[in-house]
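Colleague: Following is a predicted model, sequence given first.
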Amino acid sequence: MALDMDINELLVIGDYDLLIHQVQGEWATKNDKILPYINLAQRFCKRFKKIEFRHTPRAQNEFADVLATISSMVQHPESSHIDLLEISLKEKHAYYSYMEGEPDGKPWYNDIKMYLEKREYPEGITSSQKKTIRRMANGFFLNKEILYKRTPDFGLLRCVDVVKATKLLEEVHAGTCGPHMNGFLLTKKIL
């Protein structure tokens, strides 16, 4: 694609160090299956005036992982046209965003709780939505009035509404729960 766009200088950033060194010819390729791809990449490299390869560890390459995930979810037409993807970077992580109140005044987990309590669904929902509620309810546990979300390690996370969640986040960020705790201790303290 870069060649089709008449790009003369290219910076290639990859998280697979072995592949980068193989394409640059610094390391030998032992896998016969990947050899044709390495040879093709090396031929393409010769067509650029300047090409630089840079290794970035996967942990520092979150942006590329997100783009790859988005790309795998998009259905590409059979044409060579690629729609531009506009990306704006936020200054804060998503978990810093302000939580808004629920539009209907009920907590986000109300439908799941109602299903677990009374085996009833909200009025006017489709059979597909009912199936989703049943599927989601499998991951929750109701103890009297308190709803918990089951975690993969058999822990239980208490479900709270937006008012309680905001209060908890303010306390955590203010240091009310105590300083310098690991995630496990902080979770126990909050619960």
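Modeller: Okay, I see it.

Colleague: how's this structure carved up into domains?
Modeller: 1-73, 107-146, 160-191 (automatic domain parsing).

Colleague: Just checking the distance from the first one to the centre of its chain.
Modeller: Mean-position distance between domain 1-73 and its chain equals 23 Å (C-alpha atoms, centre = their mean, to the nearest Å).

Colleague: what's the answer for the second one, then?
Modeller: Distance, stretch centre to chain centre, for domain 107-146: 25 Å (C-alpha atoms, centre = their mean).

Colleague: Neighbours of Trp144, how many?
Modeller: Heads up, residue 144 is Lys, not Trp. Lys144 has 6 neighbours, counted by other C-beta atoms under 10 Å. For every residue, glycine as well, the C-beta is placed using N, CA and C.

Colleague: now swap in Leu157 and tell me
Modeller: Other residues near Leu157 come to 15 when the count uses other C-beta under 10 Å.

Colleague: cool, and Asn39?
Modeller: Neighbour count of Asn39, defined by other C-beta under 10 Å: 12.

Colleague: Next, find the distance separating it from Leu3.
Modeller: Distance check for Asn39 against Leu3: by C-beta to C-beta, to the nearest Å, it reads 16 Å.
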